[in-house]
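Engineer: got a sequence here, can you build the structure:
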Amino acid sequence: MTFQLTKKFVLLCEGQADQIFFEKLFERRKIKNIDIPPHVELGKYYGWAGLGRMLKALSGDPQGYARLKGVLIVADSGTTITSTFKNICRKLKEDGPFGTPSTFVKPQGPYRITEQQDSHPPISIMLIPDGRPGALETLCVESIFSRKAWLKICVENYLACGQIDALNWRAEKRDKAYMQCIIAALYEKDPNKGLRYLFSVKPPIINFSSKCFTPLIKQIERFCDEAENI
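Structural biologist: Numbers count the residues shown, from 1 in each chain. The predicted model follows:
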């Protein structure tokens, strides 16, 4: 790993869209004490299945890894929060830097910071949105609709038009469909762009000051406070 850990905390997430989202969110909310390593420097592992290998890659910077006060693992809640949490823990145990047999200490649940053995930093797993099924797109969609209520009506009419049944899809898939419709409707320059590009466009489509992101910020601040005092 060529990325050098310089801060007390580090955030690992599923993909490049998530990475850019948190970079922009932290910039807007003035959070400066958390490293977000680029995926290209963590071995190009993606999704919840790659989180264990991403964590192992962090240990490739022994000095920076030893200084860490905590690692925040962030992933989409998906359809079933319990299953997503178990799957992430399994990959951290199987693929993380915890040796054989693994010494990984499983957190008691999401948002519960847990000390690890053998000088590994404490770990917490944060699923978004907080306490309900969905994905990063869920929060982004809510942020956009909070400013453009008229757009929600238009998108929902389309997703329920004729034999389209997208409004009854599982939350994660439904909200991704919402997001694609929003991009196509608002980004004339390239309606085919993916979510990660939308976080950097001007004028911004995503309002990073939105109250929809405040619970997320509070969870992150709580993680930092608790990890600092372990």
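Engineer: so how far is Tyr178 from the residue of the chain most remote from its centre?
Structural biologist: Farthest-out residue of the chain from its mean C-alpha position, per C-alpha atoms, centre = their mean: Gly162, at 34.0 Å. Per C-beta to C-beta, to the nearest Å, Gly162 is found 18 Å from Tyr178. For the C-beta atoms, the positions are set from N, CA and C on the backbone; glycine is no exception.
Engineer: now Cys13: closest residue in space, sequence neighbours ignored.
Structural biologist: Spatial nearest neighbour of Cys13, chain neighbours left out: Val74 (4.5 Å); criterion: C-beta to C-beta, 6 or more residues apart in numbering.
Engineer: wait, Ala135
Structural biologist: Excluding the flanking residues, the one nearest Ala135 by C-beta to C-beta, 6+ apart is Asp76, at 3.8 Å.
Engineer: report the beta-bridge partners for the one you found.
Structural biologist: Applying DSSP bridges to Asp76 gives these bridge partners: Ile128.
Engineer: tell me, how many residues neighbour it?
Structural biologist: 25 (other C-beta atoms under 10 Å).
Engineer: so it touches Met126, yeah?
Structural biologist: No: counting by C-beta atoms under 8 Å, Met126 is not a contact partner of Asp76; they are 10.7 Å apart.
Engineer: average pLDDT across stretch 221-230?
Structural biologist: Stretch 221-230 shows an average pLDDT of 94 in the prediction.
Engineer: ok, and what's touching that stretch?
Structural biologist: 8-9, 31, 33-34, 69-70, 72, 111, 113, 115, 121-122, 124, 126 (C-beta atoms under 8 Å, 6 or more residues apart in numbering).
Engineer: and if we set it to 10 Å?
Structural biologist: 8-9, 11, 29, 31, 33-34, 68-72, 111-115, 121-124, 126 (C-beta atoms under 10 Å, 6 or more residues apart in numbering).
Engineer: how far does it sit from the chain's center?
Structural biologist: Taking C-alpha atoms, centre = their mean, to the nearest Å, one finds stretch 221-230 lying 18 Å from the centre of the chain it belongs to.
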